[in-house]
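Engineer: Structure for the following, please:
(2 chains)
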Number of protein chains: 2
Amino acid sequence: MSTLTLRQVAIDTYKENVAYLHRDCKLYRSEGFQALNKIEIHKQDNGQPIIAVLNVVDDDSITAPGELGLCEQAFIQLGHKEGTAVRIAHARKPASLKAVRRKIAGDRLNFDDYLSIARDIVGNRYSKIEIAAFLVACSETGLERDEVLHLTNAMIDTGKRLDWGEPLVVDKHCIGGIPGNRTTMLIVPIVAAHGMLIPKTSSRAITSPAGTADTMEVLAEVELSPDKLHEIVRSQRACLAWGGTAGLAPVDDVLISVERPLSMDSPGQLVASILSKKVAAGATHLIIDIPIGTTAKIRSRNHALALRKLFEYVGDHLGLHLEVVLTDGRQPVGRGIGPVLEARDIMQVLENDPAAPLDLREKALQLAGRILEFDPDVRGGQGYAIARDILDSGRALAKMQAIIDAQGKNQAPSAVGHLYHEVLASRAGRVTAIDNMQLAHIARLAGAPMDKGAGVDLHRKLGDTVTAGDPLYSIYAEFPADFDFAREAAEQDSGYSIGGGKHDE
Amino acid sequence: MSTLTLRQVAIDTYKENVAYLHRDCKLYRSEGFQALNKIEIHKQDNGQPIIAVLNVVDDDSITAPGELGLCEQAFIQLGHKEGTAVRIAHARKPASLKAVRRKIAGDRLNFDDYLSIARDIVGNRYSKIEIAAFLVACSETGLERDEVLHLTNAMIDTGKRLDWGEPLVVDKHCIGGIPGNRTTMLIVPIVAAHGMLIPKTSSRAITSPAGTADTMEVLAEVELSPDKLHEIVRSQRACLAWGGTAGLAPVDDVLISVERPLSMDSPGQLVASILSKKVAAGATHLIIDIPIGTTAKIRSRNHALALRKLFEYVGDHLGLHLEVVLTDGRQPVGRGIGPVLEARDIMQVLENDPAAPLDLREKALQLAGRILEFDPDVRGGQGYAIARDILDSGRALAKMQAIIDAQGKNQAPSAVGHLYHEVLASRAGRVTAIDNMQLAHIARLAGAPMDKGAGVDLHRKLGDTVTAGDPLYSIYAEFPADFDFAREAAEQDSGYSIGGGKHDE
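Structural biologist: You can find the predicted model right below:
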């Protein structure tokens, strides 16, 4: 165990602790440290040491011999000032890696195994490659449904848990993959106008052109302190906030940071990720929307049914009242794809604007109706009519405006991107397919969600007839480079299939 | 596609390309780059772009807005000067990741799949976590033996391949895990003295207290240029060099850089790793030593036999004449553990010193005998006697001295560490077990292989009788911190079991 002078290295390594030692540092040689080794950095109060992966530095101005550099997140985690004398040592392998190795070999793990893995991950004792190993071992058919339950419980138990002090706290989740599917921002005001408690926190887009948090941000502040959020929920029975900093199921955030670059998405991880967040957020009743379509995340009814069973099994054992709704995922919902364009669709629906996209309105009413029926006083089958009445009467709009005001109205909302291009039908016929993934891809290339006004606005949907030269959709962008990328992508593949007259091609 | 000014960031990230962009860099925001994203960096000649993982910097002195920082290995790989204007873009996922995903899902892959994976890995298009995903998917029972063959061929085809222009080029390999098992440095001079061609390159220790390259370095230069190495092999029929920079099966080096921190070691990867290196190095005939013991890498005869079959299957299909020898792995071989101590044992055997460890001599003669029988002129069963004659007559010593002189004699060889501690028997009895792993661990803690004189010197072996207080072994170290670690570890567990008189405990 040896002493070094602490120094912050202003590098953001994205949820992996990295430590920097100079190659000529005496400790580096004498202790046999090597790049990619993990080291323990001890706190002055002798609390749990933090763990970091070692990079070797050849530049004194980054980290000099005798200094220990820490990346930004590790520096914050250690919580000491620059210049503090810190002791480092070789890190022991986290004990739970033995369980990961058993999982790789094909064993079932029990709750204690998953809990020890979750604790080590939250404690930053896993490197990215160890997390990748765990995820791959769990992927595809690798997790029994009992294991998914254990993993979910372990993820809940290693984070904060909210308690709203009421017996009925509702939430909804969509499996994703359908651009424009922003029903949450309609369901929340409808349900809250009925008086149900729906403290909705959402993520920002990771691989999609917009998340609910990105879209809500066009209208109002979404990064709220825990105190502010609670105050809003108490007064409005609802919120539409970003959930990023809440510390709920923090293991999930770490796992996602590796799943995303790996493009991994196994059913077990998906269910554990969603349900751990919902239970930790205090939900008691949950609707899950699984859109099915050949270009959606879930491609067949059989896959959707298997996923539904897994949700039901884990939900039931968690004591969560959970219902899964299978919906039509063959094309984007609404017209806009991208934060500003999606916010426009939502406000049109809330304002009962005749131009509002009917499919978005209809889907939101269906889901809101199912949620309203969680209310013991609502008769089975009546939810939809109540939801429609709340929307048509303007009560949903009023509730939305109240939520926006409570969170803090965006005084300078972004406009739609100033660069504009129309993608035209190359032939006459009927729209027989719209590729969700290609349209999401084009909207992202155009700059969404980073540039709020960027995206795609659909003028034709499935079943519409077109003549050659009719506009299929518009592309909006802020920056010329993005604009060119998006146009090129649309030129190579518009994402639309047009069939010949009565019969499809 | 946008332009930045190139800058080297003097950080060694150990076989992973890392790029640094300032958080306020216009490109970072406008292009939607994110930490952990992979980016492509284009060469000025429009050759194959290099790929790097992005870290975000908040310190202008590391990387300023408008600059692109590259870690040392990425900077070298790009091959442009600081200040060059470089263009970057989002990296496309390497196409072969689709094959990795199929492997994760349980598919068999074919040769083309493995070749495309190997090419992308050699081209630095995989991140560490993608490599981890590939390794876990291949681990344990995950690879059919045909797949091991495909992977081996893919690893050979993506690197350099040596051709010695002779029909019989011999090599040997030991599966490892047995401290002190330094037979290579005896086999090479014996076999070369017989006139066979044995151009031996070895690795440095990764997880063990000494590799052959570390031990040979006590006596002679081991880092030789390809030209020098060829000249020595031509004149001496042999060499004992470090193989690190030869560019043979470079995929293997990348895979090992992830396997090591994961402590992964699947049979398929093991066989592919060893045989790809040997074939690429030009070997035509190969002896593989698999020591079996409860504290060795291979713990049972059944495991060893399964591994032998896999070696034979792949070797036969590669056209390699391969023989596997199962040996006794119940305890360390020889007395010394650590480079200086092991080199001492070897020289004692070569010099026919009466103090030389007999077990090391005997094992080397057995293996050398098997190799000599690859010579068509040697009658079956005569190899051992020929090897013994070469050793006893001093011809092996003379050959070793010639090799040392050709490579460059070490004029200032390290001495044994000046810190010294004897571990004593706590009771009388007979030595019934010696734990290979614990003794390797103690030797490493003492500083081996980094400090060449550090290590462990065994005074008692299996079956020896001891009285309480007899020295079991000595620990040598250079640095007090290491010395204390090693002594503490030996106090907690000496690694020796002593049974009561005639009957074991």
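Engineer: backbone phi and psi for residue A:284, please?
Structural biologist: phi -110, psi -30 (degrees, to the nearest 10).
Engineer: Chain B versus that one, what's the distance?
Structural biologist: Residue A:284 sits 35 Å away from chain B, going by C-beta to the nearest C-beta, to the nearest Å. The C-beta positions use only the backbone N, C-alpha and C, and glycine is treated the same way.
Engineer: Please apply the same query to residue A:198.
Structural biologist: According to C-beta to the nearest C-beta, residue A:198 stands 30 Å off from chain B.
Engineer: same thing with residue A:45?
Structural biologist: For residue A:45, the distance to chain B (C-beta to the nearest C-beta) stands at 23 Å.
Engineer: On the three-state scheme, that residue is what?
Structural biologist: coil (DSSP: H, G, I helix; E, B strand; the rest coil).
Engineer: following the worst-scoring helix or strand of chain A on mean pLDDT, which helix or strand shows up next?
Structural biologist: Least confident helix or strand of chain A, by mean pLDDT, DSSP states H and E, is helix A:26-30 with a mean of 68. Next along the chain after helix A:26-30, taking DSSP states H and E as the criterion, comes strand A:38-41.
Engineer: next structured bit after that next one?
Structural biologist: strand A:50-57.
Engineer: Which helix or strand contains the residue of the stretch 51-200 of chain A found nearest chain B?
Structural biologist: In the stretch 51-200 of chain A, the residue that lies nearest chain B is residue A:59 (3.5 Å; C-beta to the nearest C-beta). Assigned by DSSP H and E, residue A:59 belongs to no helix or strand.
Engineer: got a list of what it touches?
Structural biologist: B:9-11 (C-beta atoms under 8 Å, 6 or more residues apart in numbering or on different chains).
Engineer: which of those are buried?
Structural biologist: Among the contacts of residue A:59, those buried by neighbour count (16 or more other C-beta atoms under 10 Å in any protein chain shown) are B:9-11.
Engineer: Report the backbone C-alpha coordinates of stretch A:261-268 in PDB.
Structural biologist: What follows is stretch A:261-268, C-alpha atoms only, in PDB (Å, rounded to 0.1, in the frame of the first residue of the first chain):
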ATOM      1  CA  PRO A 261     -22.600   0.200 -27.600                       C
ATOM      2  CA  LEU A 262     -23.100  -3.600 -27.900                       C
ATOM      3  CA  SER A 263     -26.600  -3.200 -29.400                       C
ATOM      4  CA  MET A 264     -27.700  -5.900 -27.000                       C
ATOM      5  CA  ASP A 265     -31.300  -6.300 -26.000                       C
ATOM      6  CA  SER A 266     -32.200  -9.700 -24.400                       C
ATOM      7  CA  PRO A 267     -35.700 -10.200 -23.100                       C
ATOM      8  CA  GLY A 268     -34.500 -11.000 -19.600                       C
END
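Engineer: Quick one: distance of that stretch to the chain centre.
Structural biologist: Averaging C-alpha positions (C-alpha atoms, centre = their mean, to the nearest Å) puts stretch A:261-268 13 Å from its chain's average.
Engineer: what about stretch A:194-202, how long is it end to end?
Structural biologist: The first and final residues of stretch A:194-202 sit 21 Å from each other (C-alpha to C-alpha, to the nearest Å).
Engineer: tell me which residues in that stretch are buried?
Structural biologist: In stretch A:194-202, counting by 16+ other C-beta under 10 Å, buried: A:194, A:196-202.
Engineer: Can you flag which of those belong to strands?
Structural biologist: A:198-202 (DSSP state E).
Engineer: Is it possible to get CSV of the residues you listed that adds pLDDT?
Structural biologist: Shown next, in CSV, are these (pLDDT from 0 to 100):
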residue, pLDDT
A:198, 97
A:199, 95
A:200, 94
A:201, 90
A:202, 88
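Engineer: Closest to residue B:453 out of the residues you listed?
Structural biologist: residue A:201 (60.1 Å; C-beta to C-beta).
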